[in-house]
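[1] quick one, what's the 3D model for this:
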Amino acid sequence: MTRKIGVNTWVWASPLDDEALARLAVRVRDWGFDTIELPVESPGDWDPQRANELLKGLGLDATVVLVMGPGRELVDAPRAVVAETQAYLRRVVDAAVAVGSKVIAGPAYASVGRTWRIADRPAAYRELREHLAPVADYAAECGVHIAVEPLNRYETSLVNTVDQALESLDGLPGTALALDVYHMNIEETDIPAAIVRAGDRIGHVQVSANDRGSPGRDHLPWAGILHALDLAGYTGPLVIESFTAHNATIATAASIWRALAPTQDALAVDGLTYLRSLTDA
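    Presented below is the predicted three-dimensional model:
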């Protein structure tokens, strides 16, 4: 099936601001992408209303990702920290509404890089549902889903797999799964089978090569992945997510120690070309 293809601005910039978005959005449109993905590292980094006007003028769709930086926690954290994290997530929902995104995606449970031994996982998941529920309710009132992303074992110890994500969100309205094939390559024994198990709970999909480079320049079973998404009934965009090694903060956070393509532009455009060759066939 023909799918919309998107790209996250993290390929080039972090944090995103109005100037960078104005520059990148035109190039993204001209290359042939349908969607641009906007991270909200801190509310106010970029103006959602200004972004909406820009993207509408260019004919680009938007998706929005949340960022669980240090101090953003919904599980095993002081009440004040949880409340601050909930307030942040509501601001991300507001940004999504402004730019027309029906989803905010990311690891909405703990700060990236925080790992700890979890003695009672069911209890941790109950706590997650309790603390995420009011945000999910707020998002649902706004017409937005929270798509919760499993991360690999080196970035979290709470939600690593599709099955854990399904368990952690069981019975929680207004939530979905965000699948990132980079993390799935580490944690899932069979990526297409895991996608099928996620089924109609899939709310967002991010793609990259197994090394975070261009999709297709790797060993991932892309035809099987796309077929599994068809079987699961997912009709949303495939968004290329990678990171620039030129920003010290994000390069360290994402462990980007070398260039993953000849240029960042090539990473995006080569990935777009490859995904189009599969989805338009």
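[2] leaving out chain neighbours, which residue sits closest to Tyr274?
    Distance criterion Cβ to Cβ, 6 or more residues apart in numbering; nearest residue to Tyr274, sequence neighbours excluded, is Gly216 at 3.3 Å. Placement of C-beta: from N, CA and C, glycine included.
[3] for the one you found, grab the count of nearby residues.
    For Gly216, the tally of surrounding residues (other Cβ atoms under 10 Å) stands at 16.
[4] what packs against the helix or strand harbouring Ile225?
    Ile225 is part of helix 222-232, with elements assigned from DSSP states H and E. Judged by 3 or more Cβ pairs under 8 Å, 6 or more residues apart in numbering; DSSP states H and E, the packing partners of helix 222-232 are helix 191-198, strand 202-207, helix 264-279.
[5] and the contacts of the shortest one?
    Under the contact criterion Cβ atoms under 8 Å, 6 or more residues apart in numbering, strand 202-207 has outside partners 8, 37, 63, 103, 105, 145, 147, 149, 175-182, 195, 215, 229, 232-234, 236-241, 271, 275.
[6] mark which of those residues are part of helices, please.
    Per DSSP state H, helices hold the following members of those: Val181, Tyr182, Ile195, Leu229, Ala232, Gly271, Leu275.
[7] from Asp120, how far out is Gly203?
    Distance of Gly203 to Asp120, computed by Cβ to Cβ, to the nearest Å: 27 Å.
[8] between the two, which is the more surrounded one?
    Legend: neighbour count by other Cβ under 10 Å for Gly203 and Asp120, higher for Gly203 (23 against 9).
[9] per-residue pLDDT, the nearest residue to the more buried one once chain neighbours are set aside?
    Distances taken as Cβ to Cβ, 6+ apart put Ala176 closest to Gly203, at 2.7 Å, once the chain neighbours are dropped. Turning to Ala176, the model gives it a pLDDT of 98.
[10] how about Trp257?
    81.
[11] can you tell me the element it falls in?
    Using DSSP H and E, no helix or strand contains Trp257.
[12] show me the shaky parts of this protein.
    Along the chain, the parts satisfying pLDDT under 70 run over 247, 281.
[13] where do the strands sit along it?
    5-8, 35-40, 61-66, 103-106, 145-148, 175-180, 202-207, 238-240 (DSSP state E).
[14] can I get these in TSV with distance to Arg23?
    What follows is those, written out as TSV (distance: least, Cβ to Cβ, whole Å):
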stretch	distance to Arg23
strand 5-8	14
strand 35-40	12
strand 61-66	16
strand 103-106	24
strand 145-148	27
strand 175-180	26
strand 202-207	22
strand 238-240	18
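[15] nearest to Leu21, of those?
    Leu21 lies closest, by Cβ to Cβ, to one member of those: strand 35-40, at 7.2 Å.
[16] give me the buried positions along that closest one.
    Thr35, Ile36, Glu37, Leu38, Pro39, Val40 (16 or more other Cβ atoms under 10 Å).
[17] how deep is Leu54 tucked in, by neighbour count?
    Neighbour tally, Leu54, other Cβ under 10 Å: 20.
[18] hang on, it packs against Leu21?
    Yes. Proximity of Leu54 to Leu21 meets the contact threshold set by Cβ atoms under 8 Å, at 6.8 Å.
[19] got the contact list for Val11?
    So Val11 contacts Ile240, Glu241, Ser242, Phe243, Thr244, Gln264, Leu267, Ala268 (Cβ under 8 Å, 6+ apart).
[20] ok, 7 Å please
    Ile240, Ser242, Thr244, Gln264, Leu267, Ala268 (Cβ atoms under 7 Å, 6 or more residues apart in numbering).
[21] do the same with Thr244
    Val11, Trp12, Ile250, Gln264.
[22] at 8 Å instead, please
    Trp10, Val11, Trp12, Ala13, Ser14, Ile250, Ala251, Ile256, Gln264.
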